[in-house]
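Asks: curious how this folds, go ahead:
(chains A and B)
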Amino acid sequence: MKNRTYNIKALLIATVLSLLMIVLVFYGSRELQNFDAALITYLFGTVFAFFGIVYRYTVWLQRPPTWIYFKRGVCFLFTGKVFSHFWFASKETVSNIVFQKFIYPRGKYRWMAHFMIAVGCTSAFLITIPLTFGWVHFTMAPNSISVYEAHFFGFKLMEFDLDSVMAFMTFHALNWSSYMVIFGAGYYLRRRLTNPGLIATQTFEGDLLPLILLIAISVTGLGLTYSYEFMKGLAFDFLAVLHAVTVILFLIWIPFGKFFHIIQRPAQIAAHIYHRVGKQQGMAVCEHTGEEFATNLHIKDLKMLTKKLGFDFDREDGSSHLDLSPEGKRSRLAQAHLKARQAGGELFG
Amino acid sequence: MNYTSFNKNEEFFVDMQRCIGCKACELACAECETNGQESMIHVNYTDRAATVQTTVQVCMHCDDPVCANVCPADAISKDEFGIVHTANTERCIGCSNCVMACPFGVPKKEENYDLMMKCTMCYDRTSVGKKPMCATVCPSGALFYGTKDEIQEMRPNSTPVNTFFFGKEVVNTKVNIMMPKGSTELIIY
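Replies: Numbering: from 1, shown residues only, chains lettered A, B, ... in the order given. Now for the predicted structure:
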């Protein structure tokens, strides 16, 4: 088979979904009536990022181990006690995706910083993407000079007084996101520059650049507000271009770099559902220690998966090395070593 | 991983028959910065009902790591020195595929963190030319890190082996196990 550097299935899916998105931009902005032409570069960046994300996600899903979790996760969700599964998945989504609770035991401050970045980025995405697409736009209420209306897909969503707290909070929403991202990313940047373990293993493009980009986006974004609020618009044009450059760099980096973990994370829920259903189906017992160590489902799938990937841990009697727990495997290795030493005539050579 | 002075002439040599179960390596392992102060080395009884013999296990850093192959999240990578790194914290989904598939029983799932962690041969130290913590404290010579010449001088009646047979599967590793002189492999089954 010819070795291709691209994946046709992924290319097709990503192209179709990106085109669909452009169609949605067209109709969502009421045939570009509500589209803000000043944001055109952001639109290109977002569509490119979307294409890249879908492409990489589709390639990723096609990997045998990923496909097992995806297939089993979806299958388990829709079979048997569907409501119970959905309730479990919803709880998992809130605790692991919304609150990222698994980071808390790794460090209280790590969790706080990560949570701040997550809230800051998510809120910024939720605000800027619909604005860029022309899905959300603001107008003055008819026959009024003090009431503002927010529209979504051309439909009126809400209205508020221009000098209300609501207006202040809404117009500065991206500033609140920026502050959170700066605090969070600042903490992680400090950690990456001082923790010896991280210094030893990190790379600039993989670990430092994403943090620098986040901080650059937030600082230049805040700069826009500071410029028109306190500096009479000083350097506004320059800041606007600089902000656009950092954001677009960030967008096109999403599919390739660290930010892709945002897209990958829901797989954790599939893994949790998989283990939950596996436990209900029964546990595997290690033939060496005599103790339960994993679910039967997991071991059965792993035997199939390793074979598919070109590894064969089958023994002559038809059993498998994978029937042993990690401790069992270590002990069997040591016993084989002892046997070899005994056969060699000396326990210590 | 950008700027390292990894000493390519030094290797890891394990001789589990020499393990006395003192667990000095466990304590030393927790000093490794790449583990975040968690001990990753394994010391366990081989068969407590029959013997007091213990065994010690570090990551063998396989040429074609099964753990990385079965990882659904692309969280495990191998670098240019042959070091198989611990799970990338932002990618690992805590599924335990690697824990159950590793033929040497090395990766650990930290349930609290929902994260797999494993020995990285003390990458914070080896990447700057130092020796792994466990090998520097082992009092019985079960763990040794140095050059092939050094180990040959110390153990003239042994040969380092890095080929392992697990049934039909042949696994080649970066880390060596000390075997009777002239051995070329260790057959587990």
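
Asks: contacts only, for the residue nearest the centre of chain B.
Replies: For chain B, B:C59 is the residue whose C-alpha lies nearest the centre (CA atoms, centre = their mean; 2.1 Å). The contact partners of B:C59, by CB atoms under 8 Å, 6 or more residues apart in numbering or on different chains, come to B:40, B:84, B:104, B:106-107, B:118-121, B:175. C-beta here means a position set from N, CA and C on the backbone, and glycine is covered the same way.

Asks: what about the helices in chain B?
Replies: Counting by DSSP state H, chain B has helices at residues B:24-29, B:66-70, B:97-101, B:123-126, B:133-137, B:148-154.

Asks: picking up where we left off before, out of the contacts of B:C59, who's nearest A:G197?
Replies: B:T120 (9.0 Å; CB to CB).

Asks: re the thing from before, which ones among the contacts of B:C59 also lie next to chain A?
Replies: Cross-checking these against chain A (CB under 8 Å from any CB of the partner chain) gives B:104, B:106-107, B:120 as the overlapping residues.

Asks: for the closest residue to chain B within the stretch 51-200 of chain A, which non-adjacent residue is spatially closest?
Replies: Nearest residue of the stretch 51-200 of chain A to chain B: A:G197, at 3.4 Å (CB to the nearest CB). Using CB to CB, 6 or more residues apart in numbering or on different chains and skipping residues adjacent in sequence, the residue nearest A:G197 is B:E33, 3.4 Å away.

Asks: tell me which residues touch that neighbour, please.
Replies: Contact analysis of B:E33 by CB under 8 Å, 6+ apart lists A:195-197, A:200, B:124.

Asks: one more time with 7 Å, if that's ok
Replies: Neighbouring residues of B:E33 by CB atoms under 7 Å, 6 or more residues apart in numbering or on different chains: A:196-197, A:200, B:124.

Asks: need the pLDDT of the residue in chain A positioned nearest to chain B.
Replies: Taking CB to the nearest CB as the measure, chain A has A:G344 as its residue closest to chain B, at 2.6 Å. As summarised for this prediction, A:G344 has a pLDDT of 91.

Asks: how much space separates it from B:L143?
Replies: Here A:G344 is placed at a distance of 20 Å from B:L143 (CB to CB, to the nearest Å).

Asks: then A:H137?
Replies: Note on A:H137: its distance to B:L143, by CB to CB, is 66 Å.

Asks: looking at these two, which has the bigger crowd around it?
Replies: Here A:H137 and B:L143 are set side by side on neighbour count (other CB atoms under 10 Å in any protein chain shown), and the busier one is B:L143, at 28 against 19.

Asks: what bridges to the more buried one?
Replies: Here B:L143 shows beta-bridge partners B:V14, assigned using DSSP bridges.

Asks: contacts only, for it.
Replies: B:L143 makes contact with B:14, B:25, B:56, B:134-135, according to CB under 7 Å, 6+ apart.

Asks: let's see 10 Å
Replies: By CB atoms under 10 Å, 6 or more residues apart in numbering or on different chains, the contact list for B:L143 reads B:12-16, B:18-19, B:24-25, B:28, B:41, B:56, B:58, B:131-137, B:175.

Asks: B:C19 now?
Replies: Under the criterion of CB under 10 Å, 6+ apart, the contact list for B:C19 reads A:334, B:25, B:43-44, B:46, B:53-57, B:138, B:140-143.

Asks: mind checking pLDDT for it?
Replies: Per-residue pLDDT puts B:C19 at 96.

Asks: and it, its phi and psi?
Replies: B:C19 has phi and psi values of phi -70, psi 130 when expressed as degrees, to the nearest 10.

Asks: contacts only, for A:P196.
Replies: By CB under 10 Å, 6+ apart, the contact set of A:P196 is B:32-34, B:124-125, B:128.

Asks: now restrict these to buried residues only.
Replies: Neighbour counting over the contacts of A:P196 (16 or more other CB atoms under 10 Å in any protein chain shown) leaves B:32-34, B:124-125 as the buried ones.

Asks: from the contacts of B:C59, which single one is nearest A:E287?
Replies: Relative to A:E287, and with distances defined as CB to CB, the nearest of the contacts of B:C59 is B:F104, at 16.9 Å.

Asks: neighbours of that closest one, just the number please.
Replies: A count of neighbours around B:F104, defined by other CB under 10 Å, yields 23.

Asks: that one touches B:V175, doesn't it?
Replies: Yes. Under the criterion of CB atoms under 10 Å, B:F104 is in contact with B:V175, at a separation of 9.2 Å.

Asks: so what sits against both of those two?
Replies: Residues touching both B:F104 and B:V175 (CB under 10 Å, 6+ apart): B:57-60, B:62.

Asks: now those in TSV, with pLDDT?
Replies: Shown next, in TSV, are the shared contacts of B:F104 and B:V175 (pLDDT from 0 to 100):
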residue	pLDDT
B:Q57	97
B:V58	97
B:C59	97
B:M60	97
B:C62	97
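
Asks: list only buried entries from those.
Replies: Applying a neighbour-count criterion of 16+ other CB under 10 Å, the buried members of the shared contacts of B:F104 and B:V175 are B:57-60, B:62.

Asks: on that earlier part again, in helices, which of the contacts of B:E33 appear?
Replies: With helices identified by DSSP H, the entries of the contacts of B:E33 that belong to them are A:196-197, A:200, B:124.

Asks: which one of those sits closest to A:L162?
Replies: Out of these, the one with the shortest distance to A:L162 is A:G197. That distance is 51.6 Å, counting by CB to CB.

Asks: what's the neighbour count on the closest one?
Replies: Going by other CB under 10 Å, the residues that sit close to A:G197 add up to 18.

Asks: next one: the one 5 residues further on
Replies: Residues contacting A:Q202 under the criterion other CB under 10 Å number 16.

Asks: read off the pLDDT value for it.
Replies: 93.

Asks: and the spatially closest residue to it that is not a sequence neighbour, which of the three is it?
Replies: What sits nearest to A:Q202 in space, not counting adjacent residues and going by CB to CB, 6+ apart, is A:R192, at 5.9 Å. The local conformation at A:R192, judged by DSSP: H, G, I helix; E, B strand; the rest coil, is helix.
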